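Engineer: Return atomic coordinates for the entry below.
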Amino acid sequence: MTVLEKRPGPFLKFFFKFPVWLHKIGFGGWERLIGAQWMLLTTTGRKSGKPRETMVDVMDYDKAADTYYIEVAYGKRADWFRNIQANPFFEAKVGRRKFKARASVLSNENAADMLVKFYREKPAYTRSVMAMVGMKFGGEDELRAIASKLMLLAIHPEKQ
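Structural biologist: Residues are numbered from 1 along each chain as shown. Okay, here's the model as predicted:
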């Protein structure tokens, strides 16, 4: 069983929430120092109705389509993804840009292409993030196989 097949433990939950806390106290954007770009998602809790925040990696941004691409590390079991399923419109923030958004799931083939592109642009970051959740790979072919087990989303800002 890989880490992605089970829910994160207390250490990983803390680790994943740490960037949200840094962002709240005014240190948003520091991830650029490590060559990353993150998106802060604020969803509506499917049970509580309260705002819930999580930080995710932006894997790519298509300026022409105004679409961001992100990964859902824990797939359909991720709380924030389940919140989006229950309440499809949410708030997103990338850098200084804040917007209402909706998400759509990428096909396995598009997800594999996106993951390989991300790896080619940021190999050390990709390896370290994937190793953190228990996923190691030898090369692009193995990465494509892993992509079939992951879920990637296209985040579409709502037109005002």
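
Engineer: Could you say which helix or strand holds D60?
Structural biologist: Assigned by DSSP states H and E, D60 belongs to strand 51-62.

Engineer: mind checking how far that strand is from the chain centre?
Structural biologist: Relative to its parent chain, strand 51-62 has a centroid offset of 5 Å by CA atoms, centre = their mean, to the nearest Å.

Engineer: what does it contact?
Structural biologist: Outside strand 51-62, the residues within contact range by CB atoms under 8 Å, 6 or more residues apart in numbering are 16, 19-20, 23, 36-45, 67-72, 79-80, 83, 94, 114-115, 117-118, 129, 152. Backbone N, C-alpha and C define where each C-beta goes, glycine included.

Engineer: Walk me through which strands it pairs with, and which way each runs.
Structural biologist: Each strand that pairs with strand 51-62, with its direction, by DSSP bridges: strand 38-44 (antiparallel), strand 67-72 (antiparallel).

Engineer: pLDDT on the first one, on average?
Structural biologist: If I follow you right, that is strand 38-44. Taken as a whole, strand 38-44 has an average pLDDT of 93.

Engineer: what do you get for the shortest one?
Structural biologist: The predicted model assigns strand 67-72 a mean pLDDT of 94.

Engineer: What are the contacting residues of it?
Structural biologist: Looking at what lies outside strand 67-72 - CB under 8 Å, 6+ apart - the contacts are 39, 56-62, 78, 81, 92, 94, 106, 114-115, 150-156.

Engineer: do stretch 82-101 as well
Structural biologist: Residues outside stretch 82-101 that contact it (CB under 8 Å, 6+ apart) are 28-29, 37-46, 52, 58, 61, 68, 76, 102-103, 155-158.

Engineer: now these: which count as buried?
Structural biologist: When those are checked for burial by 16 or more other CB atoms under 10 Å, the buried set is 28, 37-44, 52, 58, 68, 103, 155-157.

Engineer: Pretty sure A103 sits against I155.
Structural biologist: Yes - contact between A103 and I155 holds when scored by CB atoms under 8 Å: they sit 5.4 Å apart.
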